[in-house]
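S.K.: sequence and predicted structure, then a few things I'm wondering about:
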2 protein chains.
Amino acid sequence: MQRAAALVRRGCCPRTLGPWGRSQSSAAAEASAVLKVRPERSRRERILTLESMNPQVKAVEYAVRGPIVLKAGEIELELQRGIKKPFTEVIRANIGDAQAMGQQPITFLRQVMALCTYPNLLDSPSFPEDAKKRARRILQACGGNSLGSYSASQGVNCIREDVAAYITRRDGGVPADPDNIYLTTGASDGISTILKILVSGGGKSRTGVMIPIPQYPLYSAVISELDAIQVNYYLDEDNCWALNVNELRRAVQQAKEHCNPKVLCIINPGNPTGQVQSRKCIEDVIHFAWEEKLFLLADEVYQDNVYSSDCKFHSFKKVLYEMGPEYSSNVELASFHSTSKGYMGECGYRGGYMEVINLHPEIKGQLVKLLSVRLCPPVSGQAAMDIVVNPPVPGEESFEQFSRAHKMAPDMFYCMKLLEETGICVVPGSGFGQREGTYHFRMTILPPVEKLKTVLQKVKDFHIKFLEEYA
Amino acid sequence: MQRAAALVRRGCCPRTLGPWGRSQSSAAAEASAVLKVRPERSRRERILTLESMNPQVKAVEYAVRGPIVLKAGEIELELQRGIKKPFTEVIRANIGDAQAMGQQPITFLRQVMALCTYPNLLDSPSFPEDAKKRARRILQACGGNSLGSYSASQGVNCIREDVAAYITRRDGGVPADPDNIYLTTGASDGISTILKILVSGGGKSRTGVMIPIPQYPLYSAVISELDAIQVNYYLDEDNCWALNVNELRRAVQQAKEHCNPKVLCIINPGNPTGQVQSRKCIEDVIHFAWEEKLFLLADEVYQDNVYSSDCKFHSFKKVLYEMGPEYSSNVELASFHSTSKGYMGECGYRGGYMEVINLHPEIKGQLVKLLSVRLCPPVSGQAAMDIVVNPPVPGEESFEQFSRAHKMAPDMFYCMKLLEETGICVVPGSGFGQREGTYHFRMTILPPVEKLKTVLQKVKDFHIKFLEEYA
């Protein structure tokens, strides 16, 4: 029941302010690279202000990159300028960014990407044949044999074929159709695109979107942007953050009083909680979605990050098909994966895909149309996705190598102090959602083992000291 | 007054249907790579249908990749299967995709990108030192020295510095501040992000967004997604598609009766029209925006595609500063550029930037927040943007090398016929907007000169035959 992201429980002092108040916003500008002091001259009232802006955007909160992260940027600048602190570097455990923490990219992946980028290298003897084979396959499928051409809006055909073949292998033969695969700009893009299509209605028939609490804050942000209704269901902390279907029932019944619950979002393995759902749990969720006529969104980006030997990842797609035709031909499902997590950790390329099941053909047309407005996902990210789903196999050359104290919520205050005193940057639990009166933080555990030991010792020392001071 | 995109006037037969009807949507699915026939079994009504979906998304039209382009995909598949046609290949003049048309990528750019992708190549003697220097600079600014890490939401610091230096050079010394530069996923991403922040209000105070007709259909699509009010101003076809400020006045006055006009979008050089605005015209537009309190959006992605010796590109930013402090400290402006156009034509990397002027510091915080929800733009696209604005300079090693016939609008019908009979894929004028009773198509002129001659001869022959048949 554990993963790269672990949520640690703790209790502390009084709560006051949300994370994106005014002083925080100016902190955003200040934390940026080049600082210029420009006196405000008398000027006309501006057109675009906090008062005149889109209120739905103003309501968005995104803690993974909120005030704590802005403060981390400020502290890094101060360290660079030689200002003394009780630590010498900021450790960013706020985000799952493996390579920024020193993980080296997978050589094979980068070799294929370099070959695709600069095809002159295809003649170089210092690249293995299996990497060249992958690169040629990708380039042949690109307009003008170049990563520099737009791809089809849905993504490069042969990459969608490779993704479908990967899903079929992963799910023990349950077939996947390339026509149901859409390549995306990271998983975030796919999730927000599907939600955008799903949201409709006004007043009591406004679309309700069920999300776990704690959640990954992309969900609440997009729900806010779309002016949809956020319907919280709480994960069971006392039971290793398990999903309980009775809690889903409670949430949906309550929601029906003020909106039209239409979408159920599942994050499995969990983010930020790291729990891995059992096969039985997934069956129960699918049955619930079928019963309540909910469109299922399965965020499965952490599918390769299951670390406990007691746990196994089951895809919603596979379980859906195993439950028989009543489910497999009726339940509408979109599932998401990404190049950013797993063993690759290629966050910067912004690669991802979604697979849709039982999507109405007319809606598929609408989806392609909507994607086409942004032309296509980055082709380099698509290529990276191809290699993630299509790694070297046995027999191939590369296989072997392979706002400060008193105005802050307690968890915000704790995280800010932790950062200021130790340089360790984590995310307050309020950014993911938590039960009233409980406080958490999320810390990603990507640093190398030796560094991690130091980090955890520092957290322990800080925590004891913090409790002494504020308990 | 001409550019890669030329809009050709023509007249023809009766109009009926918009481009995204039902049969078109299924065509979308059909045109995709792998076709599977799966009989529709009796099933429950689906949750997500054309009736239940987001009506704003349903209303989106995007002609650059609409039914004509889907048909082109079908015809290509038919050609691959050996079906005989009066032509042997489809020529895609519907979109500005230079490399897909055979333009070779710039060697220096791809060398830097390959070095960033696979830094082992930094030891290779076959890469020039100036390319290595650029790659090292970019990598040093990336988390973990890797393109695989997330960047800051606003983009990599040193790349924003390079963009600011480029703008300062371009604008003859008018200063640009890296803090005002936001790297984006192509220009489309920047434009939709700014519009998303700007839109607010309901009923008669709903935000009106002024766009040129004809426009690039990203604008109408995003306006529809955001449920904002599209306010058309017509470019003057009889005067080489010039922008006339009296027409802006007419449009804004009329719009005030039913919405709150808050944004003025300018595309210069024009897309699809190719016109280049004179300095005088830009001054008039800025004065108009100042007078009417409009937020200016300047889409300047074609700034390097000015081909007539009579024309010169002037940036809105530069003219704004030259008009004096009343304008330069009051008019709110966002301008956009991209890696996709110009001499680079690197569409697939989805790189771009926006520069904001006079944006309220609080709004800058909101902008960073909104961008942070999607984490960051593709880092490879950011790197490509860096090389576009930072090419080899004299003295550096690399410098020297450097829905068918009767159900269609007349222009849709014309373009469909043109495609079916000649293999030339263009975009109907209705996708960009045109005066009632006039019909156009947009054709990009990226094919190499020899191919272009053949293409234009084919268009001419087709046009004469078409008029004989349908006039």
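M.R.: Received, thanks.
S.K.: partners of the helix or strand hosting A:Y353 in the sheet?
M.R.: Per DSSP states H and E: A:Y353 is located in strand A:351-357. Under the criterion DSSP bridges, strand A:351-357 sits next to strand A:181-185 (antiparallel), strand A:333-338 (antiparallel) in its sheet.
S.K.: the closest residue to A:I47 other than its chain neighbours: how many residues sit nearby?
M.R.: With sequence-adjacent residues excluded and distances taken as C-beta to C-beta, 6 or more residues apart in numbering or on different chains, A:I47 is closest to B:F295, at 4.7 Å. Using the backbone N, CA and C atoms, a C-beta is placed for each residue, glycine as well. Neighbours of B:F295 under the rule other C-beta atoms under 10 Å in any protein chain shown: 25.
S.K.: one more: A:L48?
M.R.: Per other C-beta under 10 Å, the neighbour tally for A:L48 reads 25.
S.K.: can you check A:L122 too?
M.R.: Neighbour count of A:L122, defined by other C-beta under 10 Å: 14.
S.K.: residues in contact with it?
M.R.: By C-beta atoms under 8 Å, 6 or more residues apart in numbering or on different chains, the residues touching A:L122 are A:L115, A:K132, A:A135, A:R136.
S.K.: mind checking how far the residue in the stretch 251-400 of chain A positioned nearest to chain B is from A:K196?
M.R.: Residue of the stretch 251-400 of chain A nearest chain B, by C-beta to the nearest C-beta: A:G365 (2.4 Å). To A:K196, A:G365 is 15 Å away according to C-beta to C-beta, to the nearest Å.
S.K.: comparing the two, which shows the higher neighbour count?
M.R.: Shown here are A:G365 and A:K196; by other C-beta under 10 Å, A:G365 has more neighbours (24 against 19).
S.K.: A:I363: neighbour count?
M.R.: 25.
S.K.: roughly how far apart are it and A:K369?
M.R.: Separation of A:I363 from A:K369 (C-beta to C-beta): 10 Å.
S.K.: can you check A:R110 too?
M.R.: In this structure, A:R110 and A:K369 are 35 Å apart, going by C-beta to C-beta.
S.K.: returning to what we had before: beyond the strand holding A:Y353, next helix or strand please.
M.R.: helix A:361-373.
S.K.: quick one: residues in contact with stretch A:309-318.
M.R.: Stretch A:309-318 is contacted from outside by A:1, A:167, A:170-172, A:174, A:176, A:266, A:268-269, A:276-279, A:282, A:285-286, A:296, A:298, A:300, A:303-304, A:306, A:333, A:335, A:355, A:357, using C-beta under 8 Å, 6+ apart.
S.K.: just the ones of those in strands?
M.R.: Counting by DSSP state E, these place A:I266, A:L296, A:A298, A:L333, A:S335, A:E355, A:I357 in strands.
S.K.: tell me the one of the contacts of A:L122 nearest chain B?
M.R.: Lowest distance from chain B to these (C-beta to the nearest C-beta) belongs to A:L115, with 8.3 Å.
S.K.: quick one: what helix or strand has that closest one in it?
M.R.: Judged by DSSP H and E, A:L115 forms part of helix A:107-117.
S.K.: packing partners for that helix?
M.R.: In terms of contacts (3 or more C-beta pairs under 8 Å, 6 or more residues apart in numbering or on different chains; DSSP states H and E), helix A:107-117 is packed against helix A:129-140, helix A:379-389, helix B:107-117.
S.K.: for the second one, which residues meet the burial criterion?
M.R.: Put plainly, it is helix A:379-389. Neighbour counts using 16 or more other C-beta atoms under 10 Å in any protein chain shown place A:V379, A:S380, A:G381, A:Q382, A:A383, A:A384, A:M385, A:D386, A:I387, A:V388, A:V389 of helix A:379-389 among the buried residues.
S.K.: nearest to B:G190, of those residues?
M.R.: Lowest distance from B:G190 to those (C-beta to C-beta) belongs to A:G381, with 18.1 Å.
S.K.: can you give me the strands in the stretch 151-300 of chain A?
M.R.: Under the criterion DSSP state E, counting those that start in this stretch, strands of the stretch 151-300 of chain A are mapped to A:181-185, A:207-213, A:229-234, A:260-267, A:295-299.
S.K.: quick check: residues of the stretch 151-300 of chain A near chain B?
M.R.: A:151-154, A:157-158, A:160-161, A:164, A:177-179, A:185-186, A:188-189, A:192, A:196-200, A:217-218, A:221-222, A:225, A:262, A:293-295 (C-beta under 8 Å from any C-beta of the partner chain).
S.K.: type out the ChimeraX command that picks the buried ones from the residues you listed.
M.R.: Here is the ChimeraX command that picks out the buried ones among these, judged by 16+ other C-beta under 10 Å:
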select /A:151,152,153,154,157,158,160,161,164,177,178,179,185,186,188,189,192,196,197,198,199,200,217,218,221,222,225,262,294,295
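S.K.: from the residues of the stretch 151-300 of chain A next to chain B, which land in helices?
M.R.: A:157-158, A:160-161, A:164, A:186, A:188-189, A:192, A:196-198, A:218, A:221-222, A:225 (DSSP state H).
S.K.: distance check, A:M101 against chain B.
M.R.: Distance of A:M101 to chain B, computed by C-beta to the nearest C-beta, to the nearest Å: 7 Å.
S.K.: phi, psi for that residue please.
M.R.: When read as degrees, to the nearest 10, the backbone of A:M101 gives phi -90, psi 10.
S.K.: list the contacts of it.
M.R.: Contacts for A:M101 (C-beta under 8 Å, 6+ apart) come out as A:R92, A:L446, A:P447, A:P448, B:G144.
S.K.: A:V427: which of the buried residues of helix A:379-389 is nearest?
M.R.: Nearest to A:V427 out of the buried residues of helix A:379-389 is A:G381 (C-beta to C-beta; 24.7 Å).
S.K.: tell me who's in contact with the closest one.
M.R.: A:G381 neighbours (C-beta under 8 Å, 6+ apart): A:L183, A:T185, A:G186, A:T339, A:Y349, A:R350, A:G351, A:G352, B:P378, B:S380.
S.K.: any chance of those in JSON lines, with distance to A:K204 too?
M.R.: JSON lines is the format used below for the contacts of A:G381 (distance: C-beta to C-beta, whole Å):
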{"residue": "A:L183", "distance to A:K204": "37"}
{"residue": "A:T185", "distance to A:K204": "34"}
{"residue": "A:G186", "distance to A:K204": "34"}
{"residue": "A:T339", "distance to A:K204": "40"}
{"residue": "A:Y349", "distance to A:K204": "42"}
{"residue": "A:R350", "distance to A:K204": "37"}
{"residue": "A:G351", "distance to A:K204": "39"}
{"residue": "A:G352", "distance to A:K204": "34"}
{"residue": "B:P378", "distance to A:K204": "40"}
{"residue": "B:S380", "distance to A:K204": "46"}
